[in-house]
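In: pasting the sequence and the predicted coordinates here, then a few questions.
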Amino acid sequence: MGDYVWFHDVSWHATYAIYFFVIGICAGLSFLSYGSWRTEALRSLREKAAYGSFALLVVGGLLLIGDLSQPLRFLNVLNPAYLNFTSPLAWGALNILAFGIASVLYLVALRQGNEARGKLLATIAALLALGLPIYTGYDLTVHQSRPVWNTPVMPVLFVALAVASGSAVGAILAGANQAAQKLLREYMLWSTGAVGVILISILGTTSYGGAAQELTFMIMTTGTMGLIFVGIGIVAGTAAPIALLLAPFGRQQMGAVLAGVLVLAGGAALRYALLMGPQQLQTLY
Amino acid sequence: MSEELRVSPIETREMPGKRRFAMVVDTRRCIGCMACQVACKAEYDTPLGVNRTWVPYKVVGKYPNVKKQFLPRLCNHCDDPPCVRNCPVGATYKHEDGGFVLQRYERCIGCRSCMAACPYNARFMLPSHRTYTPITNVVDKCTFCFHRVTQNLVPACVQTCIGRARVFGDLNDPTSEVSYLVAKNATQVLRPEEGTKPHVFYIGADRNQTEFGRDAYRKPEVMELERSAFKRHFDI
């Protein structure tokens, strides 16, 4: 009572969470487009996934630039004289740029119908796309003073979320294509399962941690943040789609689409909670 | 700190021929007058809602045994600063002579990565409109009054401290007052477990303030209400 607490603002706001969501789907769709060269079942998704991935890259890039307080200075990140390679953001900027170039070249090859070049560029784009969720995870992991963010599995979690989100969008795009739906159902099931396992390990280590971890666990599992993280992210967005995909209804087109929608909603909620939740405690220090 | 304990090439503590400025805050002498906060505001025209230095306090104990505990706060000018590592464009850097952690405003893109990296909340975003200076929309922080120290003056907060609670000097100089205070007193730094090697040393700091307190047990909604009430009049 009578305390004078100076409230600090969170560093990263919800725009960044939307960026995480968009760039995760972008990477997931790039994986699917590459997968179409490996398995015939995904052939119908090749162009749709490639165009969708590029469109989301543009949206994600604009979100990232718009979130800067000096948007026009985003070019500084590409200035070799300024680049600081100890920052994951610097690597991320280069990764996004390289992925953008590879995506454009891949789309050109698809339009020209050049199969050999298309396959090669799809591989390069998918490898670069893998870097997108990895770098976004590292973006958080390097902040070792923040509970939850500082877990080394964060990049792995973001890769799993990217595969899950990409497969979910793929399931919606695949329509009545039975072969594609069957494969995407498997991708969704395993990646969402991986997300669940990683979340359990994060929650476990956080709740058994020190004071900061314990308080962050409390913030993330109670109140509005608890509803978003546990309610939408874990229960509705991870456990429910797994149960749905394992049930007979999940083998039908409607079941897979419904699971996809749940995975997307959960992915968005998880990214928001993982970004905003661990920042709350720090604002009081 | 011995030579063996220096793990990062960026560290300058006990480096021969180099200065390493530090501040000692003797909380036993702090009376909570906030003159340091005001002096800093006057020195830099820091806008409303943000501070380079601030003095939070807590009322500890139960009546009749109660006391106000002050903990003056500022950038810790870490010897191994995570903000410098995290800045993608090198907008924040450590000055080799003196160990000041400084900001290149013209380079800052406003990604707030340094703010997220700082365990001490020492960094803040400048608002888009300011009265006397064109430096806006970039991250700012305490500079240990670099411009004053290079003119052989002490920082504004140290100059104005009525109780001499804040003492500033070169820690690499064994005859300086800060060296004496650090050597002769039990000192504490904030969040030493983060490995940042902070260079603001506290004498008599209370753990009610150096650790995450009970405030955090309140519901996030309540905290958000309080935060919005706090910020209501600040256009930030």
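Out: Received, thanks. Computed from a prediction, not measured in an experiment: that's the story for all the values here. Numbers count the residues shown, from 1 in each chain, chains lettered A, B, ... in the order given.
In: grab the nearest non-local neighbour of whatever residue of chain A ends up closest to chain B.
Out: Chain B sits closest to residue A:69 of chain A, with a gap of 2.8 Å, by C-beta to the nearest C-beta. In this view, the C-beta of every residue, glycine as well, is placed from N, C-alpha and C. Spatial nearest neighbour of residue A:69, excluding adjacent residues (C-beta to C-beta, 6 or more residues apart in numbering or on different chains): residue B:110 at 2.8 Å.
In: what's the neighbour count on the one you found?
Out: Residue B:110: 20 surrounding residues under other C-beta atoms under 10 Å in any protein chain shown.
In: got a list of what it touches?
Out: A:68, A:69, A:70, A:73, B:125, B:137, B:138, B:139 (C-beta atoms under 8 Å, 6 or more residues apart in numbering or on different chains).
In: quick one on the thing from earlier: surely the residue of chain A closest to chain B is within a strand?
Out: No: Residue A:69 is assigned coil when assessed by DSSP: H, G, I helix; E, B strand; the rest coil, not a strand.
In: I figured it hits residue B:115, correct?
Out: No: assessed by C-beta atoms under 8 Å, residue A:69 is found out of contact with residue B:115, at 10.7 Å.
In: circling back: show the pLDDT at the residue of chain A closest to chain B.
Out: With respect to pLDDT, residue A:69 scores 93.
In: who does the longest helix seen in chain A touch, helix- and strand-wise?
Out: Identified as the longest helix of chain A according to DSSP state H is helix A:178-207. Judged by 3 or more C-beta pairs under 8 Å, 6 or more residues apart in numbering or on different chains; DSSP states H and E, the packing partners of helix A:178-207 are helix A:154-174, helix A:211-221, helix A:240-246, helix A:253-280.
In: and it with helix A:154-174, angle?
Out: Angle between the axes of helix A:178-207 and helix A:154-174 is 150 degrees (criterion: axes from the mean of the first three to the mean of the last three C-alpha atoms, to 10 degrees).
In: list the buried ones in helix A:178-207?
Out: For helix A:178-207, a neighbour-count test (16 or more other C-beta atoms under 10 Å in any protein chain shown) marks A:180-181, A:183-185, A:187-196, A:198-199, A:202-203, A:206 as buried.
In: follow-up on the earlier one: and the helices and strands packed on helix A:178-207, which one is worst for confidence?
Out: helix A:211-221 has the lowest average pLDDT among these, namely a mean of 89.
In: how many degrees apart are that one and helix A:178-207 in direction?
Out: Orientation check (the same axes, to 10 degrees): helix A:211-221 against helix A:178-207 gives 140 degrees.
In: what about dumping the CA coordinates of stretch A:37-46 to PDB?
Out: C-alpha atoms of stretch A:37-46 as PDB (Å, rounded to 0.1, in the frame of the first residue of the first chain):
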ATOM      1  CA  TRP A  37       7.600 -32.600 -55.900                       C
ATOM      2  CA  ARG A  38       8.300 -35.500 -53.600                       C
ATOM      3  CA  THR A  39       4.800 -37.000 -53.400                       C
ATOM      4  CA  GLU A  40       2.100 -37.000 -56.100                       C
ATOM      5  CA  ALA A  41      -0.700 -36.700 -53.500                       C
ATOM      6  CA  LEU A  42       0.200 -33.100 -52.900                       C
ATOM      7  CA  ARG A  43       0.500 -32.200 -56.600                       C
ATOM      8  CA  SER A  44      -2.700 -30.200 -56.700                       C
ATOM      9  CA  LEU A  45      -1.400 -27.900 -54.000                       C
ATOM     10  CA  ARG A  46       1.900 -27.000 -55.600                       C
END
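In: who touches it?
Out: The contact list for stretch A:37-46 (C-beta under 8 Å, 6+ apart) reads A:32-33, A:35-36, A:110, A:118-119, A:122-123, A:170, A:173-174, A:177, A:179-180, A:182-184.
In: quick check: phi and psi on the residue nearest to residue A:69?
Out: When read as degrees, to the nearest 10, the backbone of residue B:110 gives phi 80, psi 40.
In: now swap in residue B:20 and tell me
Out: According to degrees, to the nearest 10, residue B:20 has phi -140, psi 100.
In: counting neighbours, what do you get for the closest residue in space to residue A:121 that isn't next to it in sequence?
Out: Leaving out its chain neighbours, the residue that sits closest to residue A:121 by C-beta to C-beta, 6+ apart is residue A:106, at 4.0 Å. Neighbours of residue A:106 under the rule other C-beta under 10 Å: 26.
In: double-check that residue A:106 belongs to a strand.
Out: No: counting by three-state DSSP, residue A:106 is not found in a strand; it is helix.
In: thinking again about what came up before, save the contacts of residue B:110 as TSV, and put in distance to residue A:215 too.
Out: Shown next, in TSV, are those (distance: C-beta to C-beta, whole Å):
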residue	distance to residue A:215
A:68	30
A:69	29
A:70	33
A:73	35
B:125	25
B:137	32
B:138	31
B:139	26
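In: so which of those comes closest to residue A:79?
Out: Proximity of these to residue A:79 (C-beta to C-beta) peaks at residue A:73, which lies at 9.6 Å.
In: next, give phi and psi for the closest residue to residue A:205 other than its chain neighbours.
Out: Using C-beta to C-beta, 6+ apart and skipping residues adjacent in sequence, the residue nearest residue A:205 is residue A:151, 6.7 Å away. In terms of degrees, to the nearest 10, the main-chain angles of residue A:151 are phi -70, psi 130.
In: residue in chain B nearest to chain A?
Out: At 2.8 Å from chain A, residue B:110 is the closest residue in chain B, using C-beta to the nearest C-beta.
In: any idea how far that residue is from residue B:210?
Out: Distance of residue B:110 to residue B:210, given as C-beta to C-beta, to the nearest Å: 30 Å.
In: one more: residue A:253?
Out: Separation of residue A:253 from residue B:210 (C-beta to C-beta): 58 Å.
In: are any of the contacts of stretch A:37-46 buried, and which?
Out: Buried by 16+ other C-beta under 10 Å: A:32-33, A:35-36, A:110, A:118, A:122, A:170, A:173-174, A:177, A:180, A:183-184, out of the contacts of stretch A:37-46.
In: and the strands in chain B, which stretches?
Out: Per DSSP state E, chain B carries strands over the ranges B:21-26, B:57-62, B:65-70, B:92-94, B:101-103, B:124-125, B:139-140, B:166-170, B:187-188, B:200-203.
In: in CSV: those strands, plus mean pLDDT.
Out: Converted to CSV, the strands of chain B look like this (pLDDT from 0 to 100):
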stretch, mean pLDDT
strand B:21-26, 97
strand B:57-62, 82
strand B:65-70, 88
strand B:92-94, 96
strand B:101-103, 97
strand B:124-125, 94
strand B:139-140, 96
strand B:166-170, 97
strand B:187-188, 96
strand B:200-203, 97
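In: residue A:146 reaches residue A:279, doesn't it?
Out: Yes: contact criterion C-beta under 8 Å: residue A:146 and residue A:279 qualify, at 7.1 Å.
In: can you list residues touching both of these two?
Out: residue B:116.
In: please, which helix or strand holds residue A:96?
Out: Secondary structure from DSSP states H and E places residue A:96 in helix A:88-112.
In: what mean pLDDT does that helix have?
Out: For helix A:88-112, the mean per-residue pLDDT is 97.
In: ok, and for that helix, which residues are buried?
Out: Quick answer for helix A:88-112 (16+ other C-beta under 10 Å): A:88-96, A:99-100, A:102-103, A:105-107, A:109-110.
In: counting neighbours, which bits of stretch A:73-83 end up buried?
Out: A:73, A:74, A:76, A:77, A:82, A:83.
In: please see if it touches chain B.
Out: Yes: judged by C-beta under 8 Å from any C-beta of the partner chain, stretch A:73-83 comes into contact with chain B at A:73, A:74, A:76, A:77, A:79, A:82, A:83.
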